[in-house]
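Asker: sequence unavailable; structure follows:
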């Protein structure tokens, strides 16, 4: 594209995008977990595509002998505390069992129906 320069922003430089991100009501970028490809026309930002490492918490596995004893809940509590400690802006799970769905609801997670898309591998 003529007159357009692409530059990667990361860390503290992501603050250049904050006004636009706030104005659109989007989740703020965590400088430790994000990077953005920014299109500039001179010194003016004309577009950007953000890559955010959003935690996907899965799998949670327990041996059969240890199920039903509160261990899954204790592990989930510990993971949730860690996500707060690292200031993760969001987290996702794929509730592949009724118990996983119950844990998600316990932590106030919402079922996502639209507009999430998924692709695994090539």
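Answerer: Okay, I see it. Here the structure is a predicted model, which means the values were calculated and not measured.
Asker: in a strand, residue 59, correct?
Answerer: No. According to DSSP: H, G, I helix; E, B strand; the rest coil, residue 59 belongs to no strand; its state is coil.
Asker: with adjacent residues omitted, what lies nearest to it?
Answerer: residue 96 (7.8 Å; C-beta to C-beta, 6 or more residues apart in numbering). C-beta: built from backbone N, CA, C; applies to glycine.
Asker: now do the same for the one you found: its pLDDT.
Answerer: Note on residue 96: pLDDT of 85.
Asker: cool, residue 35 as well?
Answerer: 96.
Asker: please report the distance of it from residue 10.
Answerer: Computed as C-beta to C-beta, to the nearest Å, the residue 35 to residue 10 distance reads 5 Å.
Asker: which one's more surrounded, these two?
Answerer: residue 35 (17 against 13; other C-beta atoms under 10 Å).
Asker: for the chain, longest helix please?
Answerer: helix 71-85 (DSSP state H).
Asker: tell me the mean pLDDT for that helix?
Answerer: 92.
Asker: can you give the contact residues for that helix?
Answerer: 55, 57, 60, 62, 91, 99, 103, 106-107 (C-beta atoms under 8 Å, 6 or more residues apart in numbering).
Asker: buried subset of these?
Answerer: 55, 57, 60, 103 (16 or more other C-beta atoms under 10 Å).
Asker: would a markdown table of those residues with pLDDT be doable?
Answerer: Putting the buried ones among the contacts of helix 71-85 into a markdown table (pLDDT from 0 to 100) gives the following:
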| residue | pLDDT |
| --- | --- |
| 55 | 86 |
| 57 | 87 |
| 60 | 86 |
| 103 | 89 |
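Asker: pLDDT wise, what is residue 88 at?
Answerer: Reading off the model, residue 88 has pLDDT 83.
Asker: residues near it, how many?
Answerer: For residue 88, using other C-beta under 10 Å, the count is 18.
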